[in-house]
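how would this look folded up:
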Amino acid sequence: MDPTALAGLAGQEGLRFARCHRRLVASVIFGVLATGSLTLAYLARFEFESAAFVGWGFGQAVVLLICIRLGVNHVFRLGISRWRFAGTHDFLRLLSATTVGSGLFLTLTWWVAWLPSVPRSVILLEWVFSAYATGGVWVMYRLAYEFLVVGQAADRRRVLVIGAGEAGQLLVRQMFRSRTGYMPVAIVDDDPLKWGTLVHGIEVAGATKDIAEIARAYAADEILIGIPSAGAEELRRIVESCESVILPMKILPGICEVLGGHASLNQIRDIQVEDLLGRDPVRLELPELAQAVGGTTVLVTGAAGSIGSELARHIAVNSPGCLVLYDQAETPLYYLELELRELAPRLEIVPVVASITDADAFERTIDRHHPKMVLHAAAYKHVPMMEHNARSAVLTNVVGTHIVGSLAAAGGAQTVVLVSTDKSVSPSNIMGATKQLAERVILSLQARYPNTAFGAVRFGNVLGSNGSVIPLFRKQLERGEPLTVTHEEATRYFMTIPEAAQLILKASLLRSFQGHVAMLDMGEPVRILDLARDLIRLSGQPFRLGENVLVTGLRPGEKLHEELSAPEETVHETEEERVCLVETRAGFSDLPYELRAALESADVSGVLDFLIAAFPDVAGRSEGLRVAEPVMSDPVESVQEASG
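Now for the predicted structure:
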């Protein structure tokens, strides 16, 4: 075996023995250090003339000092300290233990007659030597561990760390101490005062604008962003700077963990496109949710979809008496039930496989469970598909909403919340038109059922939901295909699934929600082309319009830009900073007789006729709008949540 490898193996075995017999090894080391420090102190005091002090008295002094050091170190718990993690507090304990031990040694040798007298200069020197020697052993142990265990780890990736602040230095330090497979080679920071300085021996090599050049100079394999406070704009700028490098990038999230000194390599993750949205994530506190749903029955329609399932998770952990999951998609409903039973083992969960357009099935569910809160997330949501399936869109989104709202209120529900979409504003497609009718239907029920709080929640596209643009882009990337964008200037409002669920629940708890449409302050809209560009860059590829990103043109019914409120609508602030209420135009909730009659009788053709008259431009463009489609009380198409 190679001598170097043999030495490394022997060193690792020695470290392993030391970890398994920590107290024994520490006691032996402390005893050796006490003996050596006292001997060195005597030699220094008597100018290295050993004959001047070696004898019976010296032996007694050594034994006494060892006993004192071991006893005091035990009291100060130095023997069980993790030496490779020794920090400022550990060295302060070491200084205190050494000082107490030397003071006790001085007292005994000068005031106990039968003990040998030790010169005070020797005691002072021994105190200095002992403190330095013990601290030196700790440092040497850490260096040995980092070299023999961490440094010898196979496949270590050379990491360029962005950020020389608190989080960055914590990450660099942990890379040296842990077998994570990371090796920091350079640090980048925009503060010019830090350039050229060293953080744990690693140079701050320059600014973020020079990332590409620095990464090549240091042969980096990966980029780690150690700036948990970085906003979307700063992250986007960093991603743009890294475009020509083609290296994987990871990020450390969570400023709270960093402020608490807990920044860890276990927290780093790949940068997600959600990090680059251009606004801070919305986190709404819901302390009143447990009080609102505690011990009651809550029903969620479209429960197996992205929004519906997230609503169910939030409800489940707030101790309702019963949670009814209503959806006609059998398989995802089954897996959601398994997840929730693990999340809330004591909760009564009732999965119901049925369609919201089956009035008999929904009425039986209401009569059996009497929910106090109904969250209506079931809807058809895909714009291009609904352009060719207008009757199904009307049946589910309009007639289904009327069935849910009226039967829930008649059964004693206190709150009914419709999950709507920004496409209901000045609709340009069948899906948006049906969702606007759904909003009108749900608000119209307020006058008929005054004891129930009706309202709708309107928001933009949901990142990661079924059928949204981000999963489509990711599938195209996995297949090696170019990303397809409908228009270079097309913009959309975006939010994450947890944000959407929080908004719906928070809005339902507002005192002023009853009879209104609520919406989230979603910041500025995001260009779809920018999302595609960010995903391309995050995948380690350079962005090339016309090559890996193609513009295909707007599809039927698509808008260039979406709106959260119409020009004739007024937006009012609420007690919740990020949630607003929309004051709809006069007569918005007043349904004409022909529409009310069609809804009461579940006459899909009658509702369809009203939609054609109310939205002639939208209806005239839809293909096959008047072609007879099979009218079923329980359509076989999958009903999912409306997310835009």
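
longest single helix anywhere in the chain?
helix 120-145 (DSSP state H).

For that helix, buried residues please.
122-123, 125-127, 129-131, 133-135, 137-138, 141-142, 144-145 (16 or more other CB atoms under 10 Å). C-beta: built from backbone N, CA, C; applies to glycine.

Remind me what that helix packs against, helices and strands.
helix 3-20, helix 22-45, helix 88-111 (3 or more CB pairs under 8 Å, 6 or more residues apart in numbering; DSSP states H and E).

Turn the ones you listed into TSV, columns for mean neighbour count and distance to residue 377.
Below are those laid out as TSV (neighbours: other CB atoms under 10 Å; distance: least, CB to CB, whole Å):
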stretch	mean neighbour count	distance to residue 377
helix 3-20	12	54
helix 22-45	18	56
helix 88-111	16	52
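
Out of those helices, which gets the lowest mean score?
Sorting the helices and strands packed on helix 120-145 by mean pLDDT places helix 3-20 lowest, at a mean of 56.

Provide the partner residues of the closest residue to residue 175 other than its chain neighbours in its beta bridges.
Once flanking residues are discounted, residue 175 sits nearest to residue 182: 4.6 Å by CB to CB, 6 or more residues apart in numbering. Counting by DSSP bridges, residue 182 is bridged to residue 157.

In a markdown table: the helices and strands packed on helix 120-145, plus distance to residue 310.
Rendered in a markdown table, the data for the helices and strands packed on helix 120-145 read as follows (distance: least, CB to CB, whole Å):
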| stretch | distance to residue 310 |
| --- | --- |
| helix 3-20 | 45 |
| helix 22-45 | 47 |
| helix 88-111 | 43 |
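
Tell me which of those helices lies nearest to residue 457.
Nearest to residue 457 among the helices and strands packed on helix 120-145 is helix 88-111 (50.2 Å), distances taken as CB to CB.

packing partners for the closest one?
helix 56-75, helix 120-145.

got the angle for the longest one vs helix 22-45?
Taking axes from the mean of the first three to the mean of the last three CA atoms, to 10 degrees, one finds helix 120-145 and helix 22-45 inclined to each other by 140 degrees.

do the shortest one as well
In this structure, helix 56-75 runs at an angle of 140 degrees to helix 22-45, with the same axes, to 10 degrees as the basis.

counting contacts, what elements does helix 56-75 pack onto?
Using 3+ CB pairs under 8 Å, 6+ apart as the contact test, the elements touching helix 56-75 are helix 22-45, helix 88-111.

show me the contacts for the residue nearest to residue 491 when sequence neighbours are not counted.
Leaving out its chain neighbours, the residue that sits closest to residue 491 by CB to CB, 6+ apart is residue 525, at 3.9 Å. Neighbouring residues of residue 525 by CB atoms under 8 Å, 6 or more residues apart in numbering: 460, 491, 492, 493, 561, 562.

If we use 10 Å, what do you get?
278, 422, 460-461, 490-494, 561-564 (CB atoms under 10 Å, 6 or more residues apart in numbering).

Then residue 325?
When contacts are counted by CB under 10 Å, 6+ apart, residue 325 touches 298-304, 308-309, 312, 315-316, 333-334, 336-337, 340, 349-353.

where's it, which helix or strand?
strand 322-327 (DSSP states H and E).

which of the residues in that strand are buried?
Quick answer for strand 322-327 (16+ other CB under 10 Å): 322, 323, 324, 325, 326, 327.
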